[in-house]
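>>> My questions concern the predicted model and sequence given below.
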Amino acid sequence: MEYKKLSTMLPADGILNVPGGFWFIDDLPAEASYELRLDAHVRCKFILHLGLQGHRIRRRVIFSICGENAKLDAHVLIQGAKNQCIEWVGIQRHLIGNAESNLFIKSTAENAVEISIISKIILDANATKSCAYFQNKNLILSNRAHVTARPELEIFANDVHCSHGAAIGGIDPMEEFYLRSRGISQRAVKALLQRAFAEEILCQMPNDMPCNQAR
């Protein structure tokens, strides 16, 4: 599957009718808002890594499922450090039925980072037999960091499959104890567990993305 950067394809109005068979990589500046529209039979994969763009980062993305048998597979990794303020607002909107969308978000927060994750699934009245899923996992690495997660669900159609959820937690003390007992420093343990937590999404990303250059 071919990789395309959004900065080379996104129109001035911020609305992109997605061609089929692409990985889309969001390489936009710190603050960006846009809509991706999937027509019938379009298969789209989407990757976004937030945390490299600056001190204050905001991303608002609408995934509009406009045709039957369309499928979206989206992965978002948020890695906050150095007192960053990062906000994600995402909407999976199904305008018609017999289609599927999947959004998976992971975030890590250290130092005095503030992360806000708001994701909404909207199934319109014509979205019968749709499948829409959202999952969010967040790892807090500092008692000064703060993560807010707000999953929302609006269903106006019958005969659909939906799930959404979010979890926030810290490093497992047993995992930390095991690694420290092997002679690994506390700082290295923190970095190792952070990398392991993010790996589920990192493995979906091209090797030439900045977050993967050290892999």
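That came in fine, so what should we check first?
>>> show me what contacts residue 121?
With contact set as CB atoms under 8 Å, 6 or more residues apart in numbering, residue 121 has these partners: 91-92, 94, 101, 132, 134, 152-155, 162, 164. C-beta: built from backbone N, CA, C; applies to glycine.
>>> Going by neighbour count, which of these comes out on top?
Neighbour counts for those were taken using other CB atoms under 10 Å; the highest belongs to residue 94, which has 32 neighbours.
>>> I'd like the distance from the spatially closest residue to that one that is not a sequence neighbour to residue 86, if you could.
Distances taken as CB to CB, 6 or more residues apart in numbering place residue 127 nearest to residue 94, at 3.9 Å, with adjacent residues excluded. In this view, residue 127 and residue 86 are 30 Å apart by CB to CB, to the nearest Å.
>>> Pop out the phi and psi values for residue 98.
Note on residue 98: its backbone torsions stand at phi 60, psi 50 [degrees, to the nearest 10].
>>> per-residue pLDDT, it?
Residue 98 is assigned a pLDDT of 97 by the prediction.
>>> same check, this time on residue 113
For residue 113, the model assigns a pLDDT of 96.
>>> again, but for residue 179
87.
>>> what residues does the helix or strand hosting residue 138 touch?
Assigned by DSSP states H and E, residue 138 belongs to strand 131-140. Applying CB under 8 Å, 6+ apart, the external contacts of strand 131-140 come out as 92, 94, 99-109, 115, 117, 119, 121, 123, 146-147, 149, 151, 160-171, 193-194, 197.
>>> give me that answer again for 7 Å
The list of residues contacting strand 131-140 from outside it, by CB atoms under 7 Å, 6 or more residues apart in numbering, reads 92, 94, 100-109, 117, 119, 121, 123, 147, 149, 151, 161-170, 194, 197.
>>> Quick check: strands, which of the residues you listed are part of them?
The members of the contacts of strand 131-140 that map onto strands under DSSP state E are 92, 94, 100-109, 117, 119, 121, 123, 147, 149, 151, 161-169.
>>> List only buried entries from the residues you listed.
Buried members of the ones in strands among the contacts of strand 131-140, counted by 16 or more other CB atoms under 10 Å: 92, 94, 100-109, 117, 119, 121, 123, 147, 149, 151, 162, 164, 166, 168.
>>> Can you get me the centre-to-centre distance for stretch 124-141 and its chain?
Mean C-alpha position of stretch 124-141 versus that of the full chain (CA atoms, centre = their mean, to the nearest Å) differs by 11 Å.
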